[in-house]
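K.L.:
next input, structure requested:
(one chain, ligands or ions: 2)
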Amino acid sequence: MNSTSTLLACETTGLTAAYGDEPVLRDVNFRVPPGVVMGIVGPNGAGKTTLLMALIGLMPLLSGSVSFFGQTHQQARRRVGYMPQQRSVDWDFPTTVFDAVMMGTYGSLGWFKRPSSLERDRTWRALAEVEMTDLADRQIGELSGGQRQRTFLARALVEEPDVYLMDEPFQGVDAASEKAIVTVMHALRERGKTIIIVHHDLTTVRAYCDWVTLLRVGIVAAGPVDEAFTEENLHAAYGRSNTFVGAGFVE
Ligand SMILES: Nc1ncnc2c1ncn2[C@@H]1O[C@H](COP(=O)(O)OP(=O)(O)OP(=O)(O)O)[C@@H](O)[C@H]1O
Ligand SMILES: [Mg+2]
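P.N.:
Ligands and ions are numbered 1, 2, ... in the order given. I've put the predicted structure just below:
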């Protein structure tokens with residue numbers, strides 16, 4: 001491994017993955033420098049969720065490799081946090097917001113150790129950061145979409161990772177929740193953290209993200225937003241028939 005790649009927060013080389021015979025990710029070389037917000041955009045079924053799952057070992061690879069700061073995910077797992085797509089989670093699981101968030105500290109607790117006041121303090125701090133203190137005792141099954149995403153984010157915060165993987169963090173949230181999540185994301189970036197988000201709203205890519213990867217089974221384009229987020233590349237990712245002016249895309 002060369003010295004450049006060890007500096008990358010996340011890198012894949014020739015990543016290929018399939019559910020059946022047909023690859024849903026083909027030869028993906030994904031590179032994310034540290035301290036940026038990287039947006040992954042692409043049409044439904046492009047493989048965005050699968051890519052995040054492949055990064056953290058939830059999706060087996062047919063070929064290729066994944067690294068975080070030059071280490072395997074297994075070696076770097078404490079440094080990587082994952083916020084799944086909301087609809088993929090069992091929200092009927094009987095637990096309170098506080099406990100769901102505090103579970104995020106278990107990685108640093110080790111087996112069979114009970115959370116101490118330190119972990120409880122970290123949990124309260126994370127809940128405050130996402131403005132969910134008042135709902136700490138609520139069952140997670142009784143939350144609105146935006147409150148669910150804030151709970152997810154608080155849980156990712158208590159893990160204190162260096163890289164955050166977030167699958168559609170703004171799905172089903174109102175403008176206030178979206179703003180709160182973006183504020184936390186940008187505060188994390190100021191602290192040198194790396195945030196990788198799957199994002200659907202092309203109109204906010206420029207405001208939210210520094211870097212962007214356009215995905216459609218393979219990588220269509222990637223780089224700083226100013227270079228990669230062009231109309232030409234968007235057409236290549238989404239198809240020519242889609243008009244991005246209509247979707248709010250402004251060059
Ligand atoms: N469990 C599964 N079994 C078989 N095929 C799957 C499975 N999950 C996803 N796929 C297929 O893999 C492809 C990529 O799916 P993926 O969920 O990664 O797309 P996505 O880019 O996240 O889409 P969306 O924008 O709708 O969330 C799709 O064609 C999808 O139908
Ligand atoms: Mg998805």
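K.L.:
count of neighbours near residue 12?
P.N.:
Per other CB atoms under 10 Å, the neighbour tally for residue 12 reads 23. (C-beta placed from N, C-alpha, C; glycine too.)
K.L.:
that one contacts residue 68, correct?
P.N.:
No - contact criterion CB atoms under 8 Å: residue 12 and residue 68 do not qualify, at 10.3 Å.
K.L.:
hmm, stretch 32-44 in reach of ligand 1?
P.N.:
Yes - Stretch 32-44 reaches ligand 1 (CB under 6 Å from any ligand atom) through 42, 44.
K.L.:
that stretch: end-to-end distance?
P.N.:
Start-to-end span of stretch 32-44 (CA to CA, to the nearest Å) is 22 Å.
K.L.:
and stretch 98-115, by the same measure?
P.N.:
End-to-end for stretch 98-115, by CA to CA: 12 Å.
K.L.:
stretch 202-212 too?
P.N.:
Start-to-end, stretch 202-212 (CA to CA) is 11 Å.
K.L.:
now it: mean pLDDT?
P.N.:
Stretch 202-212 carries an average pLDDT of 97.
K.L.:
so what touches it?
P.N.:
32-33, 36-41, 182, 185, 189, 197, 199, 221-225, 228-229, 234, 244, 247-250 (CB atoms under 8 Å, 6 or more residues apart in numbering).
K.L.:
my guess is residue 135 meets residue 96, correct?
P.N.:
No - with contact defined as CB under 8 Å, residue 135 does not reach residue 96; the gap is 9.1 Å.
K.L.:
who's more crowded, the two?
P.N.:
residue 135 (19 against 16).
K.L.:
separation between the more buried one and residue 21?
P.N.:
Distance from residue 135 to residue 21, counting by CB to CB, to the nearest Å: 46 Å.
K.L.:
for the stretch 151-251 of the chain, just list every one of the strands.
P.N.:
For the stretch 151-251 of the chain, the strands defined by DSSP state E, counting those that start in this stretch occupy 163-167, 194-198, 211-216, 218-224.
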